[in-house]
Structure formats: structure tokens, C-alpha cells
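>>> what's the 3D shape of this:
(4 chains)
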Amino acid sequence: MSYLLSATCAVPAVGAVVTAALPAGTGEARRRTTKAVALAVSVATLGLAAAVAASFEPGGARYQLTESYSWIRSFGIDFALGADGIGTALVLLTAVLVPLVMLAGWHDADPAAAEGSFESKRRTQGFFALILAVEAMVLVSFLATDVFVFYVFFEAMLIPMYFLIGGFGDRAGGPDAARQRSYAAVKFLLYNLLGGLVMLAAVIGLYVVAADQGQATFGLPALTDAISSGKLVIDPTAQRALFLGFFFAFAVKAPMWPLHTWLPNAMGESTAGTAVLITAVVDKVGTFAMLRFCLGLFPDASKTFAPAILVLSLIGIVYGALVAIGQKDIKRLVAYASISHFGFIIMGIFAMTSQGQSGATLYMVNHGISTAAWMLVAGFLISRRGSRLIADYGGVQKVAPVLAGTFLIGGLATLSLPGLAPFVSEFLVLVGTFTRYPVIGVIATFGIVLAALYALMLYQRTMTGPVKESVTGMPDLKARELAVVAPLVALTLLLGVYPQPLTRMVNPAVDDTLSQVHRTDPAPVHPVAANGGEQK
Amino acid sequence: MTSTGEAVQFWVLAVIAVGGALGMLLMRKAVHSALCLAATMLSLAVCYLAQGAVFLGVVQIVVYTGAIMMLFLFVVMLVGVSSADSLKEQLKGQRIAAVLCGVGFGVLLIAGLANARLSHFTGLSEANAEGNVQGLAKLIFTKYVWAFEVTGALLITAAIGAMVLTHRERVHERLTQRQLAAQRVKDNIQVPPMPAPGVYARHNAVDIPALLPDGTVAEDSVMGTLRERGQIRDVSQEMLRRMAELEESTADWLGRPSSARPQVAAPRQALETVPTKEEAE
Amino acid sequence: MNSLIPLLVAAPLAGAALLLLGGRALDRFGHWIATALAALSCAFGLVLFFDMLGRDTEHRAVTERLFSWIPVGGFRADVSFQLDQLSIVFVLLITGVGTLIHLYSVGYMAHDERRRRFFAYLNLFLAAMLILVLADNYLLLYVGWEGVGLASYLLIGFWQHKPSAATAAKKAFIVNRVGDMGLSIAIMLMFAEFGSFAFRPVFSAAGDASEGKLTAIALMLLLAACGKSAQVPLQSWLGDAMEGPTPVSALIHAATMVTAGVYLITRSASIFNLAPDAQTAVVVVGAVTLLFGAIVGCAKDDIKKALAGSTMSQIGYMIMAAGLGPIGYAFAIMHLVTHGFFKAGLFLGAGSVMHGMNDEVNMRHYGGLRKYMPWTFATFMAGYLAIIGFPFLSGFFSKDKIIEAALAKGGTEGWILGTCALVGAAVTAFYMTRVVLLTFFGEKRWQPDAEGHRPHPHESPRTMVIPMVVLTFGSLFAGGLFSLGDSFLHFLEPVTGHEEGHAPLSAFAVSAIATVCMAAGVGLAWLKYGRKPVPVQAPRGSLLTRAARRDLLQDDFNHAVLVRPGSALAATLVFFDSKGLDGFVNGLAAAIGGLSGRLRRIQTGYVRTYALSMFGGTLVLVASTLLMRSV
Amino acid sequence: MNPVNYLYLAALLFTIGASGVLIRRNAIVLFMCVELMLNASNLALVTFSRMHGNLDGQILAFFTMVVAAAEVVVGLAIIVSIFRTRHSASVDDSNLMKL
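Coordinates of the predicted model:
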């Protein structure tokens, strides 16, 4: 048994504790030590995640590097970890983003309260420790192969997220920023807790059903094997109810229309880094879980509900984009754009084709990277001017061309420009959906026009035109900020041109998922050999 | 069935116990309540003795009535002997609801007991064969030794807890007389000593304020505690009246005309006495 | 030799990356790097061209597969280039004209502080355009397709400080996106139908598919072509795109990118040929745009917008020709190439004029410039004569062929199309003559610019003149060269196929009629603008003129039908989101909050109340216990 | 006389004590009421002990006394410290838990 996966999860967890326990103080030196420690931990985690990806064999078993520790024996709960292609891709995404988020939020947690108060003394430690805690929990969620373990960490990550949202806002809020922020944090918590509660009921229900038939375990591979081999038969009504219980929690977390309204508040009020954590990392757990748990555990119910879910996600795509067009607040715009993108991800998952699901998985990764770039640059912009309103900007490209350029790249990635990573995934999702549900696929394609509208309108209003007075003298990106954006832009380009490292990892897992739901890709009407018989 | 003696004893004690309990419930002053409760406890102690629980009966007298009730009395004294509950209930419907609940509960318990039809009493003669205290000791130090030890720990904890709760941390160092005097001079407030309380031929108590030359009271002359409690006996009115009478009789005796008689300051409200709690209600 | 194909793309791509990432260090000489790389790409193109000529017809098309791009299940997208006769024509046009325009821009953008970035974008455009024409599958073509859209967006909005430029850039991108949607749906259709979207397998299997499916694919491709080539109904962006620097207009919005639609249709000939309904649609779009653009071109006073109208109209010719099927494909491409030369020349001339006139674009403020700018005048005249189809110049050959092919379509349809084409030719002659007369002839109507500087027209620097002269050669002789023994036709035939049409009129008669039409247009323009002085302020004009000045109300239409309802919908949804969905949730929260606010009053904070409830509870428990026992 | 009368007496005393807790406001008296309830239950325990003829009931009563003593010590300490800060021994004055 290798300890790589548990090490990957444990390093940020231990790091969080260590960071939180570092000596408090308001001095710049103390703060710098804290930040350096946290950053070092996150980089170490990245190294471990890279090791996981390196030792993962794309052609091998579904779950590799598995570990299992008995936890609650009487209920058959094991602390079981295992990496499959989808999980590994998302682990990599998380591990890459967290150091960048830290670097981007380097000064976000510098004391705002009066010097010397407890709040200001522990602020920096708290911020970075919370980020690491979120990272640890997200990593466990991506790697857990035990339904109960997943559930625990799925829920537990709400706690550090709650404090991150409620405790550390950007400094662009109005006079009632603190009230707005706590509203956003509470809304986030309540929505997700509600989802989690429903899921808990379903988790217990699943166990009861499974135990009735002699499969008293929470282990995911065991359950899915039993289900696909017919050893465990969940009757259709129960299966539908359990599916809905799981799906509801994931749809809140993802978030899917119409359960999305917590996201704009949470992303709008928190720091740009936290917003990235929410949309690029934490929310991905929701879509990831749909793919792993909903489809694997409840294949028939998934098929039953797929059309309805597709319609909801389609509404989400168009609705999110339209509402984004009407936004006045930069961060809320990004949030609604994300809602539109989550529509694509969910659509890809439930189209139940290999293109759709591989596309959805790539979409999770690519959306994480590109939105991180877009949002973090927006955060840099906002921190310079102290306002989130689009109307307060204009002509920024004249004074800060690099900032404007990276912001444009982020926007172009969001609108899925070919050559950039999101295009690959979005097109795969569209194709995958189209082959099974042509009408939905065609309507979803309208999303690409709407995406162009909101992304470019935002760019036009903030960056172009005559230089507004409030913007004059705005400094361009500093070295630290460039160091944040450059890897993201590079990854966006790289994965747009050469996504194969990811597809090789993801495809076998997707094929396995599809076989669990007993679905195969629709065959072309008049098939021809790919590449016109060209030799490989 | 018990002996007639015990029956008589029971009925006497029961009346005392219930009377004491009701008295405790109805007395306005805490001291009276405490005394009533003591009476109830004593009668209960006798009941224990009558039932063969010799040890408990003695403990009830020594520990309960002797120690615990005295503790109560101490606290009552500390808090204020005269402080009494107001008769007015502030919580709407509380009294009625309480009485209803009480009656209902009592009825239920008694009905339950009556229903239980308990008639067989074994009696303790066998158990007490070696003596009540010995029997208890055997049990305490064998079967219940663990509970006994834990109870010991509980008692110690309670003692420490009480000390912690009532202990007051001294924030500043205690000031010496010298420092206090220096402070008083520095602040220029009441540099000379306070006026002494009124000591007259007929009155010499600390609760009587001294009178100023014009017959009004000097408030400072009474200690603050009494002032706050409103326990000041203001004699100024009476004094002025008597002085006026004296002058009058002197003048009568001397046969002075009324216009030439000296005027004594008219009686007036010299001191705003703090109304006692009873008065306020 | 095939390994040169990726280098074709790589050279300008490397230039773009270098210039964008290189920073200020490259400000001084970055433009020369870009120009050199464009020229290098052109040289590679020439090498490949001669290499291709050296091979048999059957072996001329070559494929160079680089790597597998997106392999998922049956979905296999490769980065793979295919160089055949059609591609090489485009490669030469793109790199050739592109290099010239790089050179021109060196002079034109000499005083722009962001020149380095401009050249980076130009290089980016070249790379994307080359990907577009070299791709061997539709998905890679799509990359180039959107890539040129991006470059166009960046270059139209190059002067971002002007709000009009930024708006025009955004508009261009979004209208193009509508077209791109068509292309992506077409790809999805192909994948669902054939399991592939690479050219060769799709074309070979096209015969198996039902005509309905093929028509759907073809119509979606047409939608894409309409967007990129500014055809009705997605033409509205092209006029606004003239906000970009003039070299951009010349390269992207005249010579190369806007003709991508023609390329797409020609490339997909196998599909279109099997979908006659779609072909009809193509022809109708082409014919309508041909007249539409021409009419708009007549009314514009802005020299670049007049030329933009002309571009639209000329592409209309090409699209129409492409829609005619095998009888027209080759001529569409031929007109595309000649048009690339002369329209680029005209735009460069216009840029040169503007350069000399303090960036004035209103032709009514020009006049009599021929003495001040002899080179510009001469080259512009060459382009002018070529575009109106002056006998034996480039336009004459290519346009006549299209008119012939239109007539050869046969029946009423042929006559209608032929007439449209001829009318278009006359109108072309009219508006081009108007442009020339207003700009180079007549009295000086120069106006001081906004800052009060009077213009001092002068000839442009040599870097700008040389490309104009080179293009002039193309304008004058390319058509003749291509027609010499139908060499161009035979060169392309293996790709596009060719069918000899049977026109009801002889070739000579068509030429004669076209020439007469052209002469009529020129004469009419002379009567209107040459004989009498032109007013500086534009007269109110007829209803048609006024409509044409507003692009025949296309923008108003879009605004009323799409933009206004769209933004209203967005606003409604924003309201719905905050008050409807969120309002429901918040209302629920408020209701629960209110309820607990009431329940809270039970908690008085008085110990005795709690004791009472405890006692009451005990009472109930005891009572129920007793009851249960007694029952 | 049936010894069960002791139990009736205990019930009566318990009820009086409980009502006292609800009615009286002086914290000290309230405590006394609690003591009365404890005593009532002690009486019942002693009676039960007699009824069953073993001493376990008395043991329990003994422990009750000890715990009552502990409780009184702590409770009175609390009352004293509350009185010191609030100058009142009325339980109605300590109602900070009310929102």
C-alpha cells in the first residue's frame, strides 16, 4: 500500500494546523513568515499531486494508489482513498490553483482592523490556514472511495469556506460591506447545508438498502461493482429517491440553475482568491461527485432523470449568460458566467456520451484555470481602484496594458476561443450532447454567442475607451501578480493546444463510468474511418 | 401496621412539617422562611428516627438543620435580613399556573400512591440487626464505595468552587491609612474628619444624624451603609418641635410678649430619606 | 518538403509570441522582425508552390499530420495540415499580400506608440489565416476561423481609446460568433452523421447521407460564411470594422479574412454539390449582398466605408459564383485572388490619402489630390480600373467569368442572376468613379481638422508606396495571367471540380454587355460628380440614399429586433434573479425568521418561567405514564 | 396506621416545594424550596427502605444529603456573588438570557 494519496491530503491539513499555530503578531516580518510557510506547504502539496499524476497509469485499474484504513467498523466505513483519472485531474487542478490563490491574496489578509486587536493579530494566520484546510478537504473529496468519507469532507469544507467568505472580503465593498458579506456567507452555508442534509439522508438510505442485501459497506468500488453485477438491486422508486438526494446536494454545490443564487453573493463579497476557490475548486466537487457517485451508484435513475437535468442545465447556460450580460458588478458577472459554464459541465455529464463526459471533466479543469485567471486579474483591477462596479472603470488598457491584456485573455478563455483550453472542453460537451440530444445541443450553442457578449462587453467597458479620471495613474501588474497570472495563461494555452495529457488520464475513467450506466456512444449514421483511413 | 405511638407521633409531626413547609412558602421574609424550613426538617428528622433510620435522623439534625440551614441563615444575613419578597407577581399567570401545576402534581402523586396499594412493609428490624450505623457502614464501604469516593471528590470540588465564586481578586494594592489621608488632602474633599453622628442626652446611636446649628441634619454624620439602607432615624423634626416648645414655655414663664419671642426655624423636610422597601411597595 | 507546411504557420506565430512577450526592448525593431517573418512565410509558400508544380496533378495534394489534438472516443481531432491546390492559392495570397501590408504598415504606423503590438497582431492574423486554409479538418479550420476573428477583433479595436473602435471590434466579433455558431453546428452534424469531420472522409462519405442532412450541414456552413464574409444578413459589422487602421482594412477586411467564407464553401464543394437547396440559398445570399453592398457603397462619404461596401459587393460576386456549383468555384477563387490584389491596393491608396490628409476620411473634404500624391493616384487608378472591369485588366477577366457562369446557370434563374451581376457591375463602376472623382479630381475642399490644422497633402514614404506599386501589378495583370489558357482553372480543377457552363450568350457578348454597363456607370458618375462642384456638406438626398447611408437600416433593424429585446430580456432576468428566485429564498428565510421571532417570546429569560415549563412537562409525563399504566 | 402515610406526606411536601420554586422570587427562598423537595424525597426513600427491609434506600438518602450539601454550598456562593454585583437576590432580575 502506498502512502502517496494520504500524504497528499495530510500535508495541507498539517500545514493548516501549523500555519494557524504560528506565533501571532502584527509585524510585517511575522506575517511574511506565515505566508511563506503556507505557500511552501501548498507548493509541497503541488509536488505530491504531481507525483500522484506521474505514478498514475492511464491504462491501469480504475482506482489506483489505493489506501484503506478501518474507521467505523460496525458500519463498514473505511477511510479509503483511491485515484482515478477524473479525480487525479481535479487533484492537479486544486494543487495548482491553491498556491496561486495564496500568492494572489498575499495582502488580502493584512490587518484591516485596528492594530493590536486579536482580530488583526491572528488574521493572516487564519486566512492562510483556512485556505490550506479547504485544500486538504477538497483533496480528500476528490480521492475518497468511500461514500461516507466523501460525505464528511464534502460537508466539512463548508466550515473553512464560511469563514473565508464571511471574514475576508475585498476592500471594494460599500458602507454595508460587512453586512453583505455575512449575508453572503450565511447564504452559502445554509444552501449547502440544506443540500448536505438531504444527501446525508440519502447516504443513510443507501447504506440501509445495501445492508439489507448483505452489502453493508460504504465503499464505492464495492457498491458499484455490486450494482453493475446485479448483486445489489435497488428498486426503482428507492433508487430515484436516493439519486435525487445525492443530486440535490451536488446541484446546490455545483451550482445548477435554479439553485445558484448563493454563488453571485459569495463570489461577489469575498476576496478574488476566495472566489476562485469557490468556483474553481469547491464547486467542482459537486460536478465531480455527480459523475462519480450519481452515475455510478444509481445508473437507472440517472438515465431516467437525464433529460430533465439536461433541460435545467440548458436553462442554466442561457440564463447565466443573459444575467451576466445585465450585471453591473465585475465579480458578480464572473459568477454568473460560471453558472453558465456549470450548465455546460452538468450537460456534458448527463448527456452520457464519452465526448460529453470527457468534455465535462476537461471543462472542470479548464474552467478552473481560465476563470481563475479572469477572476484574479479582475481582483487585481478591483484592488487598485477599490470598486467592483464596471461603470467606475474605463480605458484601463492605456495605463495598464499588461493587466488589460491578461484580462482579455481571461475573457477570451471564458468565451471559449479555439486554441485556448476551454474551447476543447466546451466543444466536446456540445458534440457529446448533440449526438444524443440534437435540439439541446443546438440551443446550447447559443451560449457561445452570449458568452462572447458578456466577456467582450466587460472588456470594452472597463478596458477600452478614453481613460477615466479615476483610473489614471493605475499601476500595471506587479511581479507577484504576474507570477500568478503567467502560469494560468500558460496552462490555458498549453491545454488548449495539447490537451492529451489530460484526455489520456480521463478517458478510461469516463469509459468505465459509461459502462456503469450501460450507455455507449450513439453510432454515426454513415460511419467513415476516422482520418480517411490515414495511418496513425 | 405501626404502633399507635408512632401514629400519634406521625400525625403531630406531619402537621408541623406541612405547616412549616407552607410557612416557608408563604412568609415574606427570608429569615422566617428559613426558620419554618428548619422546623420542617426537624420534624422530618424525627420521622426518620421513627422509621428506624437512626443514622439519617441524626445526620438530618446535625448536618441539615445544624449546618446547612445555618449556612442559609448566614447568607440571608449577608444579603439583608430585612429584604423580603414583594407580593406582587411580575410574571403574568405564573402564580396561578404554579398553583394549578402544584395541585395537579400533588393529586397525581397521591392518586398514584393510592393506586399502588402498598400494604406490605417488611420493616427494618432484620436489616438493623447489627445496628443501623453498622449496616449502613457495611454498605457504604463495600457496595457503594465507589459512589462514596466520588461523593468525596464532589464535596471537595464544591468547596473549592464556592471559594472561587466568592473570592474577590484584589485589583489594586490595599491603600494604607497614610495614603488615604494623603489622597484626601490631594483631592481636597472632606479634609477634616467626618462629623460624628448625633449624640444627645436622649439619643446616642449611630443611626441618628447630627444636627447643624440651624437644626437641619448633617447627612455625612451617618455611615453610608445605613444611609443606603434608609435606616436613618431622623430626629430633627422632633428636636425642632421640642426646641420651639421649650422656647414657648420659657417665654411663658418669663412673660415675654409674643413679638419678642425668638423664632425657631420652622420644621421642614430636612432630609430626603430613602424610602424603605416596604414603603415603596 | 512537407515539413515546411507547419513552418508556414509557425513563422508568423512565433513572431506574434515574440513581439507580445518581448516587451519594450523590441519596440525599436520589432516591426522589422514581424515583416521578415511574414516574408519568410511567403518564401516557404513559394517554395512549396513550386514544389507542388513540379509534381503530377494527382500527387499535388499533401497532408502533414502533426499530432492528435483531441482524442475522445470516436471523436478524433488532429492537428493536421493539408496543402492542395486550393490551399496554396490562399497561402500565396495571404503571405504575399500580408508581407506587402506589413511593409506598408512600417510606414503607416511609424508614429504609433503601440506599433510593436500592431505587428504582433498582424502576425497572429497571418498564422490564424494560414491555419484556416491549411487545416485538413473542420475543427482545426474552426481554430483558424476564430483565430482570424480574434485578430480582426484586436486590430479593429487597435485604437481602443476611441469608443467607436472598441464598439466596432466587439460588434465584429459577436456577429462573427453568430456565424461561428453555424460552423460548430455543422461540425456537430458531420460528427453525428459521419463520425468524423476531417475533409477527406466526410467528402468521400457525403454521398451516403440523406439530402436533408446535407442541406442542414450546408446551410450551417453558409451561416458561417455569411458571418465571416459579411454577407446578408450578417454583414453589418464590416462597415464599422473600418475603424481599424487602414492596413488592417486592406489585409483583413478586403483581401483575405473576409474571403474565408468563399474558401469554406469552395472547400465544402462535395457537400454543397449534393444539396441543391443549400446552393440556391448561397446564390441568393450572394446576389442580394452583391446589390446591397453596391448600393451602400454609392452612398457613403467615408472613403473606407465606401470601399467596405464595395468589398461586400465583390464578395457577393464570389459567393454567388461559389453557389453556382462546379461551374463557378474556380471563378469565385479567381475573382477572390484578383480582388485581393486590387482591393488591397485601393485600401492602401485610401490609407495613403488619409495619411496625407491628417486622417480625414470624408471624401467630401478631399478633392484635387492627384497633383499632390502622384504615386498614390497612379496606383489607385490602376486598382480602380481593375475593379470596374476595365477591359483586359484583372477585374475584367474574373468578373466576366462570374457573369458568364451566372447566365450559364440556365433558365429564369440564370437570367435573374446574370442581370443582378450586370447591374452590380454598373453600380460598381458608378461608386468607384465617384470615389475617384471626389478624391483626386475637382477642386480642393480641404477642411481643418478638429485641432485646426489645415491638411498639407504629401506623398507617403517609400515603405508605403512600394507595396502599392507591387499590388498594382497584380491588379493590372493577374487576371490576364490566370486566364491565359485557363491555367488557373486547370490548376484548381482537381480540388474544386469544373464543369463547362453553357451560357445563352457567347463570352464575347457577355464581355461587351458588361463593358457597356461599366461605361454607363462611369458616365453617370461623371455626370453627377465630375461636371459640377461637389458640396462639402452632403445633401439630404433621396430616401434610398439616406437609407443606404445607414447601411440600408440594417443596424436599426438589428437594434430593434435583437439588441433592444435582448437587453430588455437580460434586465428582466437580472430582476427575476434577484427578486424572483432570490426573493423566494429570502422570503422563505424571512418567514422562518418571523416565526422564530414569535416563538422566541416564549423564552422570557426568567428562570421561573423555565421552571414552570419543566414542572408542567413533568406533570404531563407523570400523568401520561400513569394513564398508560392504568389503561 | 399504614406507613404509606409517610409517602403521602413526602408527596405533599414535594409539591409544596415545587410550587415554591415557581412562586417565590428570592433566590435564597427558592433554594430552600429545593431543599424541601430533596427532603421530601429523602423521606420517601427512608420509607421505601423500611418497606423493602433493606438499607439501600437509606444509603441513597445519605448520598442525596451529601449532594444537597454540595449543591447548597455552590448555589449559595453563586447567590452571594450575584448579589454583590447586582445588589439583588431576586431571580427575576437575572434575565439576561432574554433576547
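
>>> Give me the helices and strands touching the longest strand seen in chain C, please.
Using DSSP state E to define each element, chain C has its longest strand at strand C:62-72. Counting contacts by 3 or more C-beta pairs under 8 Å, 6 or more residues apart in numbering or on different chains; DSSP states H and E, strand C:62-72 packs against helix A:354-385, helix A:421-436, helix A:500-516, helix C:4-22, strand C:75-83, helix C:138-156. For glycine as for every other residue, the C-beta is placed from the backbone atoms N, C-alpha and C.

>>> close to chain A, is the shortest one?
Yes - for strand C:75-83 and chain A, the contact criterion (C-beta under 8 Å from any C-beta of the partner chain) is met by C:75-76, C:78-80.

>>> gap between that strand and the chain center?
23 Å (C-alpha atoms, centre = their mean, to the nearest Å).

>>> Residue A:408: how many residues sit nearby?
22 (other C-beta atoms under 10 Å in any protein chain shown).

>>> pLDDT weak spots in chain C?
Along chain C, segments meeting pLDDT under 70 span C:1.

>>> Could you chop it up by domain?
Split into domains by the TED database, chain C comes to C:299-539, C:559-630.

>>> Indicate which one of those is closest to chain A.
domain C:559-630 (3.7 Å; C-beta to the nearest C-beta).

>>> Now look at stretch C:556-568 and say if it contacts chain A.
Yes - counting by C-beta under 8 Å from any C-beta, chain A is contacted by stretch C:556-568 at C:566-567.

>>> and that stretch, how far out from the chain's middle?
Worked out by C-alpha atoms, centre = their mean, stretch C:556-568 lies 22 Å from the chain centre.

>>> Tabulate the helices and strands packed on strand C:62-72 (CSV), appending mean neighbour count.
Compiled in CSV, those are given as follows (neighbours: other C-beta atoms under 10 Å in any protein chain shown):
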stretch, mean neighbour count
helix A:354-385, 28
helix A:421-436, 28
helix A:500-516, 20
helix C:4-22, 20
strand C:75-83, 23
helix C:138-156, 26
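
>>> Can you lay out the ones you listed as JSON lines showing distance to residue A:448?
Compiled in JSON lines, these are given as follows (distance: least, C-beta to C-beta, whole Å):
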{"stretch": "helix A:354-385", "distance to residue A:448": "13"}
{"stretch": "helix A:421-436", "distance to residue A:448": "7"}
{"stretch": "helix A:500-516", "distance to residue A:448": "21"}
{"stretch": "helix C:4-22", "distance to residue A:448": "24"}
{"stretch": "strand C:75-83", "distance to residue A:448": "17"}
{"stretch": "helix C:138-156", "distance to residue A:448": "10"}
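
>>> Which among the ones you listed is found nearest to chain D?
Using C-beta to the nearest C-beta, the helices and strands packed on strand C:62-72 put helix A:354-385 closest to chain D, at 37.9 Å.

>>> May I see the buried residues of stretch A:226-239?
Within stretch A:226-239, the residues that count as buried by 16 or more other C-beta atoms under 10 Å in any protein chain shown are A:226-228, A:232, A:234, A:239.

>>> So for the helix or strand containing residue A:6, mean pLDDT?
According to DSSP states H and E, residue A:6 maps onto helix A:4-21. Averaged over helix A:4-21, pLDDT sits at 92.

>>> Can you point out the buried residues in the longest strand of chain C?
For strand C:62-72, by 16+ other C-beta under 10 Å, it's C:62-65, C:68-72.

>>> any idea which of those is closest to chain D?
residue C:72 (58.7 Å).

>>> What pLDDT does the model give the nearest residue to the closest one once chain neighbours are set aside?
The shortest distance from residue C:72 to any non-neighbouring residue, by C-beta to C-beta, 6 or more residues apart in numbering or on different chains, is to residue A:358 (4.4 Å). Listed pLDDT for residue A:358 reads 93.

>>> Settle this for me: residue A:358 is touching residue A:506, isn't it.
Yes - counting by C-beta atoms under 8 Å, residue A:358 does reach residue A:506; the two are 5.3 Å apart.

>>> For residue A:183, the count of nearby residues, please.
Residue A:183 sits with 17 neighbouring residues when counted by other C-beta under 10 Å.

>>> need the contact list for it.
The contact partners of residue A:183, by C-beta atoms under 8 Å, 6 or more residues apart in numbering or on different chains, come to A:265, A:269.

>>> I'd assumed residue A:289 was in contact with residue A:345.
No - in this structure, residue A:345 is not within contact of residue A:289 by C-beta under 8 Å, at 12.0 Å.

>>> Between the two, which has more neighbouring residues?
Set residue A:345 next to residue A:289 and count neighbours by other C-beta under 10 Å: residue A:345 wins out with 34 against 25.

>>> State the distance from the more buried one to residue A:317.
10 Å (C-beta to C-beta, to the nearest Å).

>>> Kindly report the same for residue A:169.
From residue A:169 to residue A:317 the distance is 29 Å (C-beta to C-beta).

>>> quick one: which of the two has more around it?
Shown here are residue A:169 and residue A:317; by other C-beta under 10 Å, residue A:317 has more neighbours (30 against 23).

>>> show me the contacts for the more buried one.
A:340, A:343-344, A:347, A:444, A:447.

>>> Restricting to C-alpha, output stretch A:396-411 in PDB.
C-alpha atoms of stretch A:396-411 as PDB (Å, rounded to 0.1, in the frame of the first residue of the first chain):
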ATOM      1  CA  VAL A 396      -7.500  50.800 -18.300                       C
ATOM      2  CA  GLN A 397      -5.600  49.400 -21.200                       C
ATOM      3  CA  LYS A 398      -4.000  52.700 -21.800                       C
ATOM      4  CA  VAL A 399      -2.500  52.900 -18.300                       C
ATOM      5  CA  ALA A 400      -2.100  49.200 -17.500                       C
ATOM      6  CA  PRO A 401      -1.700  47.300 -20.800                       C
ATOM      7  CA  VAL A 402      -0.400  44.100 -19.300                       C
ATOM      8  CA  LEU A 403      -3.300  43.900 -16.900                       C
ATOM      9  CA  ALA A 404      -5.700  44.700 -19.700                       C
ATOM     10  CA  GLY A 405      -4.100  42.100 -21.900                       C
ATOM     11  CA  THR A 406      -4.300  39.300 -19.300                       C
ATOM     12  CA  PHE A 407      -7.800  40.300 -18.500                       C
ATOM     13  CA  LEU A 408      -8.600  40.000 -22.200                       C
ATOM     14  CA  ILE A 409      -7.100  36.500 -22.300                       C
ATOM     15  CA  GLY A 410      -9.100  35.500 -19.400                       C
ATOM     16  CA  GLY A 411     -12.200  36.800 -21.100                       C
END
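
>>> What residues sit buried inside the longest helix anywhere in chain A?
Longest helix of chain A, by residue count under DSSP state H: helix A:177-212. The neighbour-count check on helix A:177-212 (16+ other C-beta under 10 Å) flags A:180-189, A:191-192, A:195-196, A:198-200, A:202-203, A:205-207, A:209-210 as buried.

>>> picking that back up, can you name the residues in contact with the longest strand of chain C?
With C-beta under 8 Å, 6+ apart, strand C:62-72 has contacts from A:354-355, A:358-359, A:424, A:427-428, A:497-500, A:503, A:507, A:510, A:531, A:534, C:2-3, C:5-6, C:52, C:76-84, C:136, C:139-140.

>>> for stretch C:510-529, same thing?
Defining contact as C-beta under 8 Å, 6+ apart, one finds that stretch C:510-529 is touched by C:388-391, C:396, C:399-400, C:403-404, C:407, C:422-423, C:425-431, C:433-434, C:437-438, C:442, C:503, C:505.

>>> Check those residues for burial and list the buried ones.
C:388-390, C:396, C:399-400, C:403-404, C:407, C:422-423, C:425-431, C:433-434, C:437-438, C:442, C:503.

>>> Enumerate the residues of the stretch 251-400 of chain A near chain C.
Checking the stretch 251-400 of chain A against chain C by C-beta under 8 Å from any C-beta, the hits are A:258, A:261, A:319, A:322-323, A:325-327, A:353-355, A:358-359, A:395, A:397-398.
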